[in-house]
Every structure is written in structure tokens, then in C-alpha cells.
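Colleague: okay, predicted coordinates and the sequence, questions at the end:
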Amino acid sequence: MNEVKLIEDLYCGTKKEAVAAINGKRLWIENKFFVKGNIDSVEDEDGLTHYPLIEALYDNVLLFSDVEIQESENFTQKETEEINKLSENLAVLNLYNHCDFDVDTLFYVEYNFSKIELSAYHDFVANLFHKIPFRLLNINKGKIKDGGVDLIKSLVAGNLGESILIVSKDKLRNMCYDCHILERIYYRKEIDKELLKTLEEIAFRNHVELEVLDGD
């Protein structure tokens, strides 16, 4: 399957081509995906500290994030600013096919998307994309400003073995999608004891498995 053409058909093809593109990827969502864990924190307006991903895991919901494309060999700072500005109404969730622990990854969360309800399926099926290397996407940077297919291609650029789920923020509440599909948490053996205790509480609360990996 030519996945670049699929994106083009979906966003600038005929109605028939768009429907065919959705049908061509309709089974992609029915898989298990992994999300990198983190303990990033934010302060609310009252000065209270929150840990968005940890709180989302407690509630068994999917935490999305703002589009924040970084300057790289593919995009200049000006181009990233344009992409991020045009994507202000969108939110993304980066997904991985495998747990691949690096020095900054303390744990991974496994989600089983085959368990999503029909309403979530309709919201996700057309908006899940396998990431594609930048050089293969044929992005017309002059048309990114149009907010169409070249903007979406810019968000899809990435490494093989990774995917991205793109949704409108009006589908979310506090950047979370109400979707109870948490299945397993993997953590590295060197994890902090307090974080491990938190993950154990999350696993118990949501009746999911907790598994240690060496991370080698």
C-alpha cells in the first residue's frame, strides 16, 4: 500500500478516493500500541502541581498533546512555527509498535485499541497514520499554509515503527479522550520506588498488568 498516496487521497482526493483511503486503513486501529511514560508536571492557576500522564492513567483515559514540531534538518524554525500555529486546534498522540527503552524512558503504557467503542472507532479510524520518513512524503512546503494535506504530512513525518493519532481538540476534555483501553504497564527495573508505587496503584485501580523489563 502506498501510504503517501493514501494521505493525499484522504485530504485532497475525490469523495470516492477518500472513502477508499479510509477503507484501506480501517484495520490499522485494531492493534495494540505503546506510549512512552513520563512524569512531566505542570502547575495550575492555583499553584498546584499536576502530572498529566499519571492522572490520565489513573482515570484510564488517553492523554493527547499539542502539536509541537521542533526545528530539525527537515524544518526550519520559521516552518515549525507555522506548522504549530496552523495546528492549534489539533492534538496528537504518538504511538509505538514496540517498547524501546532509552535513557529517558522510565516506563511504557500498552493500549489495546481493538477494545475501543464504536464512537471512538469513528473518531480515530481516519486519523491514525503510520509515520513516514520525511524524504518519502513529498511535502510542498509552500502549501503548508493552506492547512491541508501538506500540513498533515508534516505531522506524519517520523520514524518507521511509529504512528500518530491526530484529533480535533473539540473531541477532548482537558486534552484527554475518554477511552478505557489501558492493558499493561511495562517499567524498567531501575525505576524510582515512589514511581513504582504509583504505577502499582494505577494497575490495581484499573485491573491491568504491571511488568518489569530490563531495558537493555
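Modeller: Received the coordinates, thanks.
Colleague: run through who's touching stretch 86-94.
Modeller: Defining contact as C-beta atoms under 8 Å, 6 or more residues apart in numbering, one finds that stretch 86-94 is touched by 35-36, 62-67, 144-145, 147, 151, 155, 162-170, 172, 175. For the C-beta atoms, the positions are set from N, CA and C on the backbone; glycine is no exception.
Colleague: now find how far off-centre it is within its chain.
Modeller: 10 Å (C-alpha atoms, centre = their mean, to the nearest Å).
Colleague: what are the buried residues along that stretch?
Modeller: Across stretch 86-94, burial judged by 16 or more other C-beta atoms under 10 Å covers 86-87, 90-94.
Colleague: export those residues as CSV, with columns for secondary structure.
Modeller: Output for the buried residues of stretch 86-94, formatted as CSV (DSSP: H, G, I helix; E, B strand; the rest coil):
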residue, secondary structure
L86, helix
S87, coil
L90, strand
A91, strand
V92, strand
L93, strand
N94, strand
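Colleague: for D9, grab the count of nearby residues.
Modeller: The number of residues packed near D9 is 20, by other C-beta atoms under 10 Å.
Colleague: quick one on the thing from earlier: and the contacts of stretch 86-94, which of them are buried?
Modeller: By neighbour count, with 16+ other C-beta under 10 Å, these hold 35-36, 62-64, 67, 144, 151, 155, 162-167, 172, 175 as buried.
Colleague: and the helices in the chain, which stretches?
Modeller: Counting by DSSP state H, the chain has helices at residues 3-12, 15-24, 52-59, 77-86, 118-124, 149-156, 193-206.
Colleague: per-residue confidence for the residue nearest the centre of the chain?
Modeller: Relative to the mean C-alpha position of the chain, the nearest C-alpha, by C-alpha atoms, centre = their mean, is the one of L93, at 1.6 Å. Note for L93: predicted pLDDT of 98.
Colleague: so how far is S65 from it?
Modeller: For L93, the distance to S65 (C-beta to C-beta, to the nearest Å) stands at 7 Å.
Colleague: which regions of the protein sit below the pLDDT cut-off?
Modeller: Low-confidence segments of the chain, defined by pLDDT under 70: 1, 103, 214-216.
Colleague: related to what we said a few turns ago, please produce CSV containing the helices of the chain, extended by distance to V212.
Modeller: As requested, the helices of the chain are exported to CSV (distance: least, C-beta to C-beta, whole Å):
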stretch, distance to V212
helix 3-12, 35
helix 15-24, 38
helix 52-59, 17
helix 77-86, 37
helix 118-124, 30
helix 149-156, 33
helix 193-206, 9
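Colleague: out of those, which is the most enclosed?
Modeller: Ranked by mean neighbour count, those are led by helix 149-156 with a mean of 22 (mean count of other C-beta atoms under 10 Å).
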